[in-house]
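K.L.:
Could you look at this predicted model? Sequence included:
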Amino acid sequence: MNFKKPEFWDYSELSFWSIILYPLSLLFLFASLVIKLLKIQKKFPIPIICVGNIYVGGTGKTPLASEIFKIIKSSGKNPGFVKKGYDYLYDEIQMLEKIGKTYLNKNRKEAISSLISLKHDVAILDDGFQDFSIKKDFSIICFNSKQLIGNGFLIPSGPLRESFKSIKRADCIFINGDKNTRFENKINEINKNAKIFYSKYKIKNVENFKNKEVIAFAGIGNPSNFFDLLIENNINVKRTYSFPDHHNFSQKDFDKIIGDNHIKIVTTEKDYCRMNDKQKLSCDFIEVELEIENKNEFISLIKNKI
């Protein structure tokens, strides 16, 4: 599923399209409430840790889920990932499977049951905050400091899957990027018990690109965040190309990107996972790791839940 986020979703002012689409957002809200009321929660015999969001895409769920897996594994437990088994998510699935066993099913409850049957003792949900059929033991909501909640409206007049007030169900909030005291205060007004952590991406292979000219492209939730990361690390970005999230790259796309240039071409690891072998020969990917502020406190928090 290719999805390119509308620009007006992140406007600070009320836009024409947000107003026009607002009745559909009310329908979306109504449908969500009906689904929530009809769902019967199932409690599983192992801890369920959910890494989710309320802003559609680009909040850093998968990197954080991977870090949590490593923390739990280091404590002697045998965790497994749970992911909805949609074909268009295979890039994220590949990234998770590099870290640990991933159980796929369009029904997360069935995936968790499979995980338990194969002797895993902790389930990590990559996404699923809006899945009310599962009783979670610890829920994390991820935000990106550059988008936060966008214009604050629900889909389709805005980028939110649920209202901001839904953070009251969260045990922990992760903000990827710069510190934002005002946003912290907004969180505390709704959920003063939620622990707030900050994280940033560090480029592991930055020396391969530092002070060099590159052409950058990305088909992720927020491509501009990737381009900004390159610039912040003194990588000379000559040109950028943005594609919809989970975009399947064609040869035509590559012809457009490469053109007559002999400049190094870079993309994200997630995008690299979606390329065929020929396309991979044409570019490099940026390796990133998640740096968590107050990581020892977060490790203790996770270990107390398992």
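P.N.:
Perfect, I can see it now. Computed from a predicted structure; not experimentally measured.
K.L.:
what stretches of the protein score poorly on pLDDT?
P.N.:
1-2, 260-261 (pLDDT under 70).
K.L.:
Where do the helices of it begin and end?
P.N.:
Listed in chain order, the helices of the chain (DSSP state H) span residues 16-38, 61-74, 90-97, 108-117, 181-190, 223-232, 251-258, 269-272, 277-280, 295-305.
K.L.:
Out of the ones you listed, which gets nearest to residue 55?
P.N.:
For those, distance to residue 55 was read as C-beta to C-beta. The smallest value, 10.5 Å, belongs to helix 61-74. The way it works is simple: take the backbone N, C-alpha and C, and place the C-beta from them, glycine included.
K.L.:
What are the buried residues along that closest one?
P.N.:
61, 62, 63, 64, 65, 66, 67, 68, 69, 71, 72 (16 or more other C-beta atoms under 10 Å).
K.L.:
can the residues you listed go into JSON lines with extra columns for distance to residue 51?
P.N.:
Formatted as JSON lines, the entries for these read as follows, by distance: C-beta to C-beta, whole Å:
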{"residue": "61", "distance to residue 51": "5"}
{"residue": "62", "distance to residue 51": "8"}
{"residue": "63", "distance to residue 51": "9"}
{"residue": "64", "distance to residue 51": "5"}
{"residue": "65", "distance to residue 51": "4"}
{"residue": "66", "distance to residue 51": "9"}
{"residue": "67", "distance to residue 51": "9"}
{"residue": "68", "distance to residue 51": "7"}
{"residue": "69", "distance to residue 51": "10"}
{"residue": "71", "distance to residue 51": "12"}
{"residue": "72", "distance to residue 51": "12"}
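K.L.:
Pretty sure residue 45 sits against residue 117.
P.N.:
No - taking contacts as C-beta atoms under 8 Å, residue 45 lies outside contact range of residue 117: 11.6 Å.
K.L.:
Could you check which of those two has the larger neighbour count?
P.N.:
The residue with more neighbours, out of residue 45 and residue 117 and counting by other C-beta atoms under 10 Å, is residue 117; that gives 9 against 6.
K.L.:
ranges for the strands of the stretch 51-200 of the chain?
P.N.:
With DSSP state E, counting those that start in this stretch applied, the stretch 51-200 of the chain shows strands at 79-83, 102-104, 122-126, 138-144, 172-176, 195-203, listed in chain order.
K.L.:
Looking at these, spot the one closest to residue 227.
P.N.:
Counting by C-beta to C-beta, residue 227 lies closest to strand 195-203 out of the strands of the stretch 51-200 of the chain; the figure is 12.6 Å.
K.L.:
Identify the neighbouring strands of that closest one in the sheet and state each direction.
P.N.:
Its sheet considered, strand 195-203 pairs with strand 172-176 (parallel), strand 288-292 (antiparallel) by DSSP bridges.
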